[in-house]
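> Output the structure for:
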Amino acid sequence: MTRAEIRTRKKNIRRKRQRAFRRALCLTGLMAVIVVGLRTASSRLLTADSITRPEQNHLQAASAVSVKQPIERHTSQITSELKNYSNMSKKAAKIYNNRNQYSETLLSAYLNNPEMEDFVAGYLDANLPQYTAQEGFREKELKQDFPLFLQWDKRWGYVSYGGSIIGLSGCGPTCLSMALVALTRRSDQTPADVARFSEERGYYVEGSGTAWSLMTEGAAALGLSARELSLDESVMKSSLDAGHPIICSMGPGDFTTQGHFILIYGYDEEGFFVNDPNCIDRSSKSWSFENLRGQIKNLWAYSSY
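Below is the predicted model:
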């Protein structure tokens, strides 16, 4: 074999090796793309199939306040704590300086839930008791599966209810409003609308608050079917699995010092998802059945007709 033939052969060998190397690189790149794609698809499937807390929907506003369990306070405690709060913000100072113009009930509610600061600071400027609801629901709220409405929202919180205001005593109408919006998408049943209905139909009982009959008879008149549930974790979960939110009447504990209503709309492995009409912070947590069981006095599941 001549030298020229040897050089040609070597060139051909090098070309074959280069082509093989390029094919190997292409195959490696293709395999990498396939692997990444499979991992991405797997991740998507896992996310879709996992039980996750619904995006809130929970929350209208992000609360940086950690709310403690509510307690009863006497007059001197209220004054002392308000004074301590007054150094924290201009609104807190305004509340303290005008404390004699507030009811102790409202001041105590504020101390139990500092999220209410803006609402309480604006209370003296509201035209009470002639105050009327300022606006209805926002479009974003009507699109949420289970929107959180706060009884002390300025849109309706200053509206009178049962000798008080919705911001203090309207937890029942606010919960029923949440259930109505979630199940019927009606935009004409704000907490103010339901509170007015409750008063007109006699569902507010002086000295006791909102009657349980609002949650059954009243709900039926507004277009919801209500079913009383037994206090059983599996029963509650079955109702929620069927898309039927639950309103609970609560006794003293994590949510109230006397009486309160909350709405439960889902659950995960950590506990139940709660919409507390009085608190953003408590609405951002999961609550175990063991924690809730001793505080629930009665409960009803809802569906639309």
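
> Let me see the ranges of the helices in the protein.
3-49, 75-85, 90-97, 104-112, 117-123, 139-143, 166-169, 171-184, 191-200, 217-221, 233-241, 280-283, 289-293 (DSSP state H).

> Just give me the lowest mean pLDDT stretch among the ones you listed.
Of all the helices of the chain, helix 3-49 carries the lowest average pLDDT, namely a mean of 44.

> and residue 222, how many neighbours?
Other residues within reach of residue 222, judged by other C-beta atoms under 10 Å, total 18. (C-beta placed from N, C-alpha, C; glycine too.)

> what's the answer for residue 151, then?
So residue 151, with other C-beta under 10 Å, has 29 neighbours.

> Run a quick check on residue 102 versus residue 119, I expect a contact.
No. Judged on C-beta atoms under 8 Å, residue 102 makes no contact with residue 119 at a distance of 11.8 Å.

> out of those two, which sits in the more crowded spot?
residue 119 (23 against 18).

> For residue 205, give me its contacts.
Contacts of residue 205 were listed using C-beta atoms under 8 Å, 6 or more residues apart in numbering, and they are residue 211.

> For it, name its beta-bridge partners.
For residue 205, the beta-bridge partners are residue 209 (DSSP bridges).

> please begin residue numbering at 73 from this point
Sure thing, new numbering starts at 73, so read that last one as residue 277.

> For residue 234, see how far away it is.
For residue 277, the distance to residue 234 equals 8 Å [C-beta to C-beta, to the nearest Å].

> And residue 206, by the same measure?
In terms of C-beta to C-beta, residue 206 sits 20 Å off from residue 234.

> When those two are compared, which one has more neighbours?
residue 234 (22 against 14).

> Distance-wise, check that one relative to residue 328.
Taken as C-beta to C-beta, the span from residue 234 to residue 328 is 16 Å.

> With residue 241 instead?
Taking C-beta to C-beta, one finds residue 241 at 12 Å from residue 328.

> Kindly report the same for residue 230.
For residue 230 relative to residue 328 (C-beta to C-beta), the value is 21 Å.

> what's the answer for residue 138, then?
Residue 138 is 18 Å from residue 328, where distance means C-beta to C-beta.

> Between the two, which has more neighbouring residues?
More crowded of residue 138 and residue 328, by other C-beta under 10 Å: residue 328, with 19 against 7.

> residues touching the more buried one, list them.
142, 322, 350.

> closest to residue 282 among these?
Distance to residue 282 across the contacts of residue 328 (C-beta to C-beta) is lowest for residue 322, with 12.2 Å.

> Pull the number of nearby residues for the closest one.
21.

> Pop out the phi and psi values for residue 196.
phi -70, psi -20 (degrees, to the nearest 10).

> Can you verify my assumption that it contacts residue 173?
Yes. With contact defined as C-beta under 8 Å, residue 196 reaches residue 173; the gap is 5.8 Å.

> Can you pick out the residue with more neighbours from the two?
residue 196 (12 against 9).

> Which pLDDT does the model give the more buried one?
For residue 196, the predicted pLDDT is 93.

> That one and residue 368: what is the separation?
Distance from residue 196 to residue 368, by C-beta to C-beta: 36 Å.

> okay, now residue 284: neighbour count?
19.

> list the contacts for it?
321, 370 are the contacts of residue 284 under C-beta under 8 Å, 6+ apart.

> Could you double-check that residue 169 lies in contact with residue 157?
No. Look at residue 169 against residue 157 with C-beta under 8 Å: they stay out of range, at 11.6 Å.

> ok so, going back, of the contacts of residue 328, just say which sits nearest to residue 302.
residue 322 (16.6 Å).

> How about the closest one, nearest residue that isn't a chain neighbour?
residue 332 (4.5 Å; C-beta to C-beta, 6 or more residues apart in numbering).

> Which residues are in contact with the one you found?
243, 321, 322, 348, 350.

> Just grab the bridge partners of the second one for me.
The partner list for residue 321 in beta bridges (DSSP bridges) reads residue 333, residue 370.

> Would you check how far apart it and residue 330 are?
Residue 321 is 12 Å from residue 330, by C-beta to C-beta.

> Could you check which of the two has the larger neighbour count?
residue 321 (21 against 10).

> can you pull the contacts of that one?
284, 287, 331, 332, 333, 368, 369, 370, 371 are the contacts of residue 321 under C-beta under 8 Å, 6+ apart.
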